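*Asks:* Just a sequence and a predicted model for now, questions to come.
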Amino acid sequence: MFKAVTPVGFLFGKSWYPISEPPQLGILPLILGSLLVTLGATVISVPIGAACAIYIAEIAPLKTKEILKAGIELLAAIPSVVLGFIGMVTLVPWVKNIFHVPTGLTALSGSIILAFMAMPTIVSIAEDALYSVPKSYKEGALALGATHWQSIYRVILPAASSGILAAVMLGIGRVIGETMAVMMITGNAAVIPQSFLQPVRTLTATIAAEMGEAVVGSEHYFALFAIGIVLFVLSFIINVTADLFLHKRNAK
Amino acid sequence: MKKPYITQKIAFSLLFLATLLLIIPVGLIVVIIVEKGISAITWQFLADIPRQGMRAGGIFPAIVGTVYLVSGAIIFALPIGLLAAIYLSEYARDNLLSRMIRLAIVNLAGVPSVVYGLFGLALFVIYFRFGTSILSGSLTLGIMILPIIITTSREALESVPYSFREVSRSLGASKWQTIRYTVLPNALPGILTGTILGLGRAAGETAPILFTVAAFYLPQLPKSILDQAMALPYHLYVISTQVPNVDEKIRYGTALVLLTIVLCMNLVAIIIRYRFRKKKSW
């Protein structure tokens, strides 16, 4: 496929018109679409996810803890296509009415739904990290007269920070790779996004939407596989980084 | 009240609010789907083929397709995953190779599902010439859930105390006999849990089957494993985005059936784990 476009032109080309003649295969709008949605989902999911993990690990009474954990497992189990469907019928009209935009299929709606897909990952791994901080750290802080919150904020959180970072990385990995839900609610417009209230198209959605129509062996077909490689490399980097963070914790 | 305690009050309330922000939507999602979908669930809906371009009739072929796909995936993934887990936990030494394998498995678990779809398309559909078929789709899903099965089985095997192995070996059992009669039975619940979780994942995934199995509209049952088939998640995607004017009831009903299948699998896994924990005596 690099006959039609150079690797640099592929990664940074500004237009994606795979079926025009000659095809324009620049995936910059798709990369930016993925990044925008991921950024939005991270901004939403990290504070809520981390707070929820702290609440479950440190504050919640035993019974509440069990219920919350079951709820989060439930969320993790919901198929992405079901979340996408729910997003379509509830969230999308809300976004449309609240922000008075022509369509509710926007990067914002995608970010919100994806945040819900990232949160189970973030909560469960961050909670593990918090839980594995030795009890003696906390006891030491409490014995020195710190309040429960001070001991959490000043002692436990710093001690668990690398595990929490790993949790965030894995959550981001989940968001970047998510396909069906984003395809259903981000509007799928392959243009460079200017704001959160515009339709965008992500790398994953492009593959899923266009592979069915691409002619086997055509440049378009190979370009879609190249997007797959880009995704693979992205997820590889994210996972290795997360693994390093996790190992740093274990090595201590 | 002193200032640190006021700060603590505020902080704890904020944390509680954040937790609510996460839990309430989960509850809402389930409640909405159940409430609006339950009226669509009739015997006819579950056991009939889709009619009038999917605007009426039932979802039976999609349910059957999903069952075939999931069974195929497990037939393929369980033996390989279990053997790999046994090798990694019992036989492999801690050297560069086993660390590479471990890292590879961690990475495979994080690969986007649509990339598995591409892989399945290139390898099974085109290279092996299986075509878009249940076989290709099962293999693709099987590869996707392999990392889950390997990781959970390995954890289950490694959580069997080392002393069990020592006792068995000291009684003259060979290494394989030890694994077969001591380690495996004790790790079985953990392995089962992992397998069922993997199955739930396979049942709900859409992206890997998009180009390997899924038939847009096929109002009959598949006759062989080389046939195309409908599948529940893809069917939900199709009727909610590709076909205009589908009755809302049918969409919610399909979502409810899919959700029920996936959640039941998870529930079974949770129950096995819970009972096992209670019984565990070491």
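*Replies:* It's in. This one's a predicted model, so the numbers in the text were calculated from it and none came from an experiment.
*Asks:* Which strand or helix spans A:Arg174?
*Replies:* Element membership of A:Arg174, judged by DSSP states H and E, is helix A:161-177.
*Asks:* Just the buried positions in that helix, please.
*Replies:* Residues of helix A:161-177 classed as buried: A:162-177 (neighbour count, 16 or more other CB atoms under 10 Å in any protein chain shown). To be clear about C-beta, it is placed using only N, CA and C from the backbone, and glycine gets the same treatment.
*Asks:* Downstream of that helix, the next helix or strand is which one?
*Replies:* Taking DSSP H and E, what comes next after helix A:161-177 is helix A:180-185.
*Asks:* So that following helix, near chain B or not?
*Replies:* Yes: using CB under 8 Å from any CB of the partner chain, we find that helix A:180-185 touches chain B at A:180, A:184.
*Asks:* how many neighbours does B:Thr66 have?
*Replies:* By other CB atoms under 10 Å in any protein chain shown, the residues close to B:Thr66 number 26.
*Asks:* What of B:Ile270?
*Replies:* 18.
*Asks:* my guess is it meets A:Ala70, correct?
*Replies:* Yes: if you go by CB atoms under 8 Å, B:Ile270 and A:Ala70 touch, sitting 7.5 Å apart.
*Asks:* First-to-last residue distance for stretch A:209-224?
*Replies:* 10 Å (CA to CA, to the nearest Å).
*Asks:* buried stuff in that stretch?
*Replies:* A:209-211, A:214, A:219-224.
*Asks:* ditto for stretch A:234-252
*Replies:* Quick answer for stretch A:234-252 (16+ other CB under 10 Å): A:234-236, A:238-239, A:241-243, A:245-246, A:249.
*Asks:* and the two most separated of the buried residues of helix A:161-177?
*Replies:* Spatially, the most separated pair among these is A:Ser162 and A:Gly177, at 22.8 Å (CB to CB).
*Asks:* measure the closest residue to A:Val200 other than its chain neighbours to B:Gly81 for me?
*Replies:* Spatial nearest neighbour of A:Val200, chain neighbours left out: A:Gly33 (3.7 Å); criterion: CB to CB, 6 or more residues apart in numbering or on different chains. Separation of A:Gly33 from B:Gly81 (CB to CB, to the nearest Å): 35 Å.
*Asks:* show me the contacts for residue 175.
*Replies:* I went with chain A, as the question did not name one. A:37-38, A:41-42, A:45, A:114-115, A:117-118 (CB atoms under 8 Å, 6 or more residues apart in numbering or on different chains).
*Asks:* hmm, I had chain B in mind actually
*Replies:* B:90, B:169 are the contacts of B:Lys175 under CB under 8 Å, 6+ apart.
*Asks:* Pull up the gap between it and chain A, please.
*Replies:* 28 Å (CB to the nearest CB, to the nearest Å).
*Asks:* just checking, B:Gly50 touches B:Gly58?
*Replies:* Careful, residue B:50 is Pro and not Gly. Yes: at 6.7 Å, B:Pro50 counts as touching B:Gly58 under the criterion of CB under 8 Å.
*Asks:* Under the pLDDT cut-off, which ranges of the stretch 1-150 of chain A? List them.
*Replies:* Filtered on pLDDT under 70, the stretch 1-150 of chain A yields the residue ranges A:1-5, A:19, A:21.
*Asks:* can you list the residues of it near chain B?
*Replies:* So far as CB under 8 Å from any CB goes, the stretch 1-150 of chain A lies against chain B at A:47-49, A:51-52, A:54-56, A:59-60, A:68, A:70-75, A:77-86, A:88-90, A:116, A:119, A:123, A:146-150.
*Asks:* So which of these belong to helices?
*Replies:* Using DSSP state H, the subset of these located in helices is A:47-49, A:51-52, A:54, A:68, A:70-75, A:77, A:80-86, A:116, A:119, A:123, A:148-150.
*Asks:* ok, the nearest residue to A:Tyr17 once chain neighbours are set aside to chain B distance?
*Replies:* Nearest residue to A:Tyr17, sequence neighbours excluded (CB to CB, 6+ apart): A:Gln24, at 4.4 Å. Look at A:Gln24 and chain B: by CB to the nearest CB, they are 21 Å apart.
*Asks:* Just give the number of residues close to A:Gln24.
*Replies:* 16.
*Asks:* quick one: contacts for it?
*Replies:* Taking CB under 8 Å, 6+ apart, we find A:Gln24 in contact with A:5, A:13, A:15-18.
*Asks:* Which residue would be the closest one in the stretch 1-150 of chain B to chain A?
*Replies:* Chain A sits closest to B:Pro112 of the stretch 1-150 of chain B, with a gap of 2.7 Å, by CB to the nearest CB.
*Asks:* Show the contacting residues for that residue.
*Replies:* A:176-179, A:204, A:231-232, A:235, B:207.
*Asks:* Identify, from the residues you listed, the entry nearest to B:Leu221.
*Replies:* B:Ala207 (24.1 Å).
*Asks:* can you pull the pLDDT of that closest one?
*Replies:* pLDDT, B:Ala207: 86.
*Asks:* cool, A:Ile176 as well?
*Replies:* 89.
*Asks:* same deal with the one 10 residues further on?
*Replies:* According to the model's per-residue confidence, A:Thr186 sits at a pLDDT of 85.
*Asks:* Can you report phi and psi for it?
*Replies:* Taking degrees, to the nearest 10, you get phi -100, psi 0 for the backbone angles of A:Thr186.
*Asks:* likewise A:Arg201?
*Replies:* Dihedral angles (degrees, to the nearest 10) for A:Arg201: phi -130, psi 140.
*Asks:* The residue nearest to A:Tyr131 when sequence neighbours are not counted: neighbouring residues, count only.
*Replies:* In this structure, A:Tyr131 finds its nearest non-sequential neighbour in A:Ala57, 5.3 Å apart by CB to CB, 6+ apart. Using other CB under 10 Å, A:Ala57 has 21 other residues around it.
*Asks:* A:Ala57 contacts A:Ser132, correct?
*Replies:* No: with contact defined as CB under 8 Å, A:Ala57 does not count as touching A:Ser132 (9.7 Å).
*Asks:* ok, which stretches of chain B are strands?
*Replies:* B:50-51, B:56-57 (DSSP state E).
*Asks:* Contacts for the last one next, please.
*Replies:* Under the contact criterion CB under 8 Å, 6+ apart, strand B:56-57 has outside partners B:44, B:48-51, B:219, B:247, B:250.
*Asks:* got CSV for those residues, with pLDDT, neighbour count and distance to chain A too?
*Replies:* CSV is the format used below for the contacts of strand B:56-57 (pLDDT from 0 to 100; neighbours: other CB atoms under 10 Å in any protein chain shown; distance: CB to the nearest CB, whole Å):
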residue, pLDDT, neighbour count, distance to chain A
B:Gln44, 82, 10, 22
B:Asp48, 80, 16, 21
B:Ile49, 80, 16, 21
B:Pro50, 80, 25, 17
B:Arg51, 78, 11, 21
B:Pro219, 70, 16, 20
B:Asp247, 81, 13, 13
B:Ile250, 86, 24, 12
